[in-house]
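Colleague: attaching a predicted model along with its sequence, questions to come.
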Amino acid sequence: QVQLVESGGGLVQAGGSLRLSCAASGRTLSSYAMGWFRQAPGKEREFVAAISWRGRNTYYADSAKGRFTISRDNAKNTVFLQMNSLKPEDTAVYYCAAERDFRRPDQSVDYDSWGQGTQVTVSS
């Protein structure tokens with residue numbers, strides 16, 4: 001399995017931006033499709049964005065389209081989530097995850113490895 005560590009979370013005002021990073025170790029990141037999920041207090045974990053092995057294909061939740069961008073740098077074994085125009089409802093713990101295929105990128109059950117999460121708080 002690949003080990004994942006997220007970073008880049010924090011407190012930001014509404015309308016601001018954050019860039020999350022997910023560093024991988026233990027396996028070559030290019031072997032995995034990657035996803036970002038989030039979980040707000042009292043809510044279920046939800047899909048945010050996903051990217052295929054070489055970054056050719058991306059997939060976004062409706063809530064992320066036009067505001068968030070997922071990218072990857074396989075040479076650095078890192079995946080990114082650029083978040084712009086943040087809203088208070090984006091407040092959550094954000095997790096990156098890895099899976100071997102890209103058949104159902106929005107399904108958390110398909111992901112094999114998860115990071116510990118990074119907190120994002122957006123104030124109004």
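Modeller: That came through fine.

Colleague: from here on, just use CA atoms for contacts and neighbour counts.
Modeller: OK.

Colleague: residues contacting the residue nearest to the spatial centre of the chain?
Modeller: What sits nearest the mean C-alpha location of the chain, by Cα atoms, centre = their mean, is residue 36, with 2.3 Å. Going by Cα atoms under 8 Å, 6 or more residues apart in numbering, residue 36 touches 47, 48, 49, 50, 81, 94, 95, 96, 97.

Colleague: may I see those arranged in a markdown table, with pLDDT as well?
Modeller: Below are these laid out as a markdown table (pLDDT from 0 to 100):
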| residue | pLDDT |
| --- | --- |
| 47 | 98 |
| 48 | 98 |
| 49 | 98 |
| 50 | 98 |
| 81 | 98 |
| 94 | 98 |
| 95 | 98 |
| 96 | 98 |
| 97 | 98 |
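
Colleague: give me the buried subset of the residues you listed.
Modeller: Buried members of the contacts of residue 36, counted by 16 or more other Cα atoms under 10 Å: 47, 48, 49, 50, 81, 94, 95, 96, 97.

Colleague: excluding chain neighbours, what is closest to the last one?
Modeller: Excluding its sequence neighbours, the residue lying closest to residue 97 (Cα to Cα, 6 or more residues apart in numbering) is residue 114, at 4.4 Å.

Colleague: count of neighbours near that neighbour?
Modeller: Neighbourhood size, residue 114 [other Cα atoms under 10 Å]: 22.
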